[in-house]
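Q: Next one to model:
(2 chains)
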Amino acid sequence: MNDYGSGTQALVLVLFSTLVTLTLLMCVMAGPDRDDLTNFYTGYRSLTPLKNGLAIAGDYISAATVLSTTGIIALAGYDGYVLAVSTALSLVLLMFLLAEPLRNAGSFTMGDVLARTVPGRSVRIASCVVTLSATLPFLVVQLSGAGSLLTFILGMPHEAGARTVCIVLVGSLMIVYAAIGGMRGTALVQMIKIVLLLGTSVTVAALVLNRFGWSPGEVLRAAERGSGTGPAFLHQGLQLGTSAAQRLDFASLQITVILGAACLPHITMRLYSARDAPAVRRSMSWAVGTVTTFCLLVIILGTGAAALVGSPSLTAADPRGRTSVLMLSRALGGGPGSASTTVLYAAVAGTVFITLLSSVAGMTLAAASSLAHDLFAHALRRQGTAPRTEMTVAGWTSVAVGTVAVVLSVLVQNWDVGVLTTLAICIGASAVAPALTYSLFWRGFTRTGLLACLYGGTACALVLMVFSRAVSGTPSAVFPHADFGWFPLQSTGLVSIPFGYLAGWLGSRYDHRRRAAESRENRRRYEESEARLLAAAE
Amino acid sequence: MTHPDDRYPPLSHTPQPYQEYQEYQPPHAPGADLTALRSAYRGLRRVSTLTALGSFVVYVALSCGAPDLMGSEIAGELSLGMGLGILQLLVTFGAVLWYGRSAQRSVDPLARAVRERALRPVRDAGAAR
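A: Numbers count the residues shown, from 1 in each chain, chains lettered A, B, ... in the order given. Just a heads-up that it's a prediction; the model follows:
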């Protein structure tokens, strides 16, 4: 496994420590004052649209996106290309549909947006539960991946002890970033990460194209050869299969990604730190531009990995090809031990490391903010909470969320938990997206509708996921030797998204009939706050 | 499959109750400007969202429903499906610019008017109608 020199490892280690020191320093410098809530949750809304856009893009492109998407493209070709397109378009959809009203309606968390028309503890608790159930799986999948990835990068023996150490190390760093840095600190880390990520991706993509004389046709031909599948590499169906049910499954997964990926709380949270609606629009333009550029680059990287490394070596290192970026960078240099290989590999490894760190920090912060703001400050305490107390609580909830995530990740590190990414996106599409669209655009949305949307969508996605073919019954499932599934697809969106929307609508209809007074009150609140929603007028 | 229109069922119900409401009990928020702003936002949102979502849904449906068509080669090794996918990504840049321009032209002036009116609601409450 470890076929590169100790010089490379030393350089990688030096780079890692430099990155950690630098970003930690920035976090401490940019961290908020002890009793300023606005600063902690939004960083005073002082970032320019460009910077905020880069931070949104940084939060959006998680380590899972970088590593799994490249892996899927390298192993499944066409299916991966479609995934790259849906990933980019999801953020476009967020910009067109939700970004501006969301910015005007919310102040710190998703609970603020939803409780605007339907106030009350039950709504706050529900939005906190959904935030946690969408962020924690994502967090666990990235942390447990961090273990195997770091042992791979550092060339350590691939055993449980080393991985646990890596997970705990990354986990502690992420807690520090989230608790000390707040939104502003993590925004800085995200910006550094996205700039590094774009820089190394452009370099590696240019090297790939250069290797094939800048001819896309040559790259594709080599990828067809390297994947061992021939022309099938450029046809739909390698990822999930080509039967009618499997094609439907594929379509369902893509629709889920486009509806759900950008709705996740750690991304929408960044929108609240824009100054006003035009600023959020400009931020999102930068974010979408960055993410789309990156998705184009990922297509080149994944195809290059298939062409230059080849599918047998990729699957030998990781069955889902998640190490393909690293293996590609090693294959591109002048050969094992040469200076160019060392530098390129170290740069890519450093980028992957900082991507991993920043994305887990962003998610921890989103979960901790929701716990502190929705659950503690608005649901548990009836009287107002002092900003100072809420800040302290937010710091401690970061520690709590981080610790829980680290423990869970250590426990599941021997399983293939990639399915948790799908679960998080399914919850985003079936609970968060319906709740936000209804709450922002439908004045008839009521408490029962909202709760049905949030709990119903989440429960539907969770239950179907547990009994899906991604968890049991197939060789690539989490439990390949058990078979307790009855839901015949890999992702749940096909059923759970309509279910979430339907639950919200039926719940509201129920309130209109049975609790007319309360639903009129909700409507009045919507109309009262409409000037604020559309024009930020107080 | 989520049809794009599924995101809007409630909107089709909204106009009538609101208009009734407005006739009987004028809201103290600035009325005409807000209505104009609402419909400007709604138009922009519908066109942009349905275009983005619609084109992608058609793309995925074609990928799954007509794999032979999408697999046909258009230039060298490049298949139609791959070409369309990359084209969508490239068009995204233009779409975002277009959205920014349109919003600046249609939405921002109205939003500014609503904000200004909200600052002096008493005097304009009568003038608005």
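Q: Any stretches of the chain with poor pLDDT?
A: Using chain A. A:1-5, A:33-35, A:44, A:158, A:334-337, A:382 (pLDDT under 70).
Q: other chain: chain B
A: In chain B, residues with pLDDT under 70: B:1-30, B:120-129.
Q: change it to 50
A: For chain B, the stretches flagged by pLDDT under 50 are B:1-29, B:124, B:126-129.
Q: how about the helices in it?
A: B:15-24, B:31-65, B:67-71, B:80-106, B:108-119, B:121-127 (DSSP state H).
Q: Could you say which one of those helices comes nearest to A:T448?
A: Of all those, helix B:15-24 sits nearest to A:T448, with 18.6 Å by CB to CB. C-beta: built from backbone N, CA, C; applies to glycine.
Q: Need the helices of chain B in JSON lines (columns: mean neighbour count and distance to A:G120).
A: Below are the helices of chain B laid out as JSON lines (neighbours: other CB atoms under 10 Å in any protein chain shown; distance: least, CB to CB, whole Å):
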{"stretch": "helix B:15-24", "mean neighbour count": "11", "distance to A:G120": "23"}
{"stretch": "helix B:31-65", "mean neighbour count": "19", "distance to A:G120": "26"}
{"stretch": "helix B:67-71", "mean neighbour count": "16", "distance to A:G120": "49"}
{"stretch": "helix B:80-106", "mean neighbour count": "17", "distance to A:G120": "33"}
{"stretch": "helix B:108-119", "mean neighbour count": "18", "distance to A:G120": "26"}
{"stretch": "helix B:121-127", "mean neighbour count": "11", "distance to A:G120": "28"}
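Q: Let me have those helices in JSON lines, adding distance to A:P312 as columns.
A: Output for the helices of chain B, formatted as JSON lines (distance: least, CB to CB, whole Å):
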{"stretch": "helix B:15-24", "distance to A:P312": "61"}
{"stretch": "helix B:31-65", "distance to A:P312": "27"}
{"stretch": "helix B:67-71", "distance to A:P312": "24"}
{"stretch": "helix B:80-106", "distance to A:P312": "24"}
{"stretch": "helix B:108-119", "distance to A:P312": "56"}
{"stretch": "helix B:121-127", "distance to A:P312": "71"}
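Q: Get me the contact residues on the stretch 201-350 of chain A for chain B.
A: A:216-217, A:220-221, A:224, A:231, A:234-237, A:242, A:247-248, A:250-252, A:254-255, A:258-259, A:277-278, A:281-282, A:284-285, A:288-289, A:292, A:295-296, A:299 (CB under 8 Å from any CB of the partner chain).
Q: follow-up on the earlier one: what's the closest of the helices of chain B to A:L149?
A: Proximity to A:L149 (CB to CB) singles out helix B:80-106 among the helices of chain B, at 27.0 Å.
Q: close to chain A, is that closest one?
A: Yes. Using CB under 8 Å from any CB, helix B:80-106 reaches chain A at B:81-82, B:85-86, B:88-90, B:92-93, B:95-97, B:99-100, B:103-104.
Q: now, which of those residues sits nearest A:C27?
A: B:V96 (30.7 Å).
Q: pretty sure the closest one is in contact with A:V288, am I right?
A: Yes. With contact defined as CB atoms under 8 Å, B:V96 and A:V288 form a contacting pair (5.1 Å).
Q: residues shared between the contacts of these two?
A: Counting by CB atoms under 8 Å, 6 or more residues apart in numbering or on different chains, the shared contacts of B:V96 and A:V288 are A:V92, A:M95.
Q: sorry, back to before: narrow the residues of the stretch 201-350 of chain A next to chain B to those that are buried.
A: A:216, A:220-221, A:224, A:234-237, A:247-248, A:250-252, A:254-255, A:258-259, A:277-278, A:281-282, A:284-285, A:288-289, A:292, A:295-296, A:299 (16 or more other CB atoms under 10 Å in any protein chain shown).
Q: Among those residues, name the ones in helices.
A: A:216, A:220-221, A:224, A:247-248, A:250-252, A:254-255, A:258-259, A:277-278, A:281-282, A:284-285, A:288-289, A:292, A:295-296, A:299.
Q: Once you drop chain neighbours, what's closest to the residue in the stretch 1-150 of chain A positioned nearest to chain B?
A: Residue of the stretch 1-150 of chain A nearest chain B, by CB to the nearest CB: A:F96 (4.0 Å). Nearest residue to A:F96, sequence neighbours excluded (CB to CB, 6 or more residues apart in numbering or on different chains): B:S48, at 4.0 Å.
Q: Contacts only, for that neighbour.
A: Contacts for B:S48 were tallied using CB under 8 Å, 6+ apart; they are A:F96, A:L97, B:A95, B:Y99.
Q: Out of those, name the two that are farthest from one another.
A: Farthest pair in these, by CB to CB: A:L97 and B:A95, 13.1 Å.
Q: Could you give the backbone dihedrals for the residue in the stretch 301-450 of chain A that chain B sits nearest to?
A: Nearest residue of the stretch 301-450 of chain A to chain B (CB to the nearest CB) works out as A:W442 at 3.5 Å. Dihedral angles of A:W442 (phi, psi; degrees, to the nearest 10) stand at phi -120, psi 120.
Q: Now do the residue nearest in space to the middle of chain A against A:A516, distance only.
A: Nearest residue to the geometric centre of chain A (CA atoms, centre = their mean): A:S62, 5.0 Å. For A:S62, the distance to A:A516 equals 44 Å [CB to CB, to the nearest Å].
Q: Also B:R112?
A: 37 Å.
Q: these two touch, right, the residue of the stretch 1-150 of chain A closest to chain B and B:T49?
A: Yes. Taking contacts as CB under 8 Å, A:F96 lies within contact range of B:T49: 4.8 Å.
Q: Give me the common contacts of those two.
A: Joint contacts of A:F96 and B:T49 (CB under 8 Å, 6+ apart) do not exist.
Q: quick one on the thing from earlier: just checking, the residue nearest to the centre of chain A touches A:F138?
A: Yes. Counting by CB under 8 Å, A:S62 does reach A:F138; the two are 7.2 Å apart.
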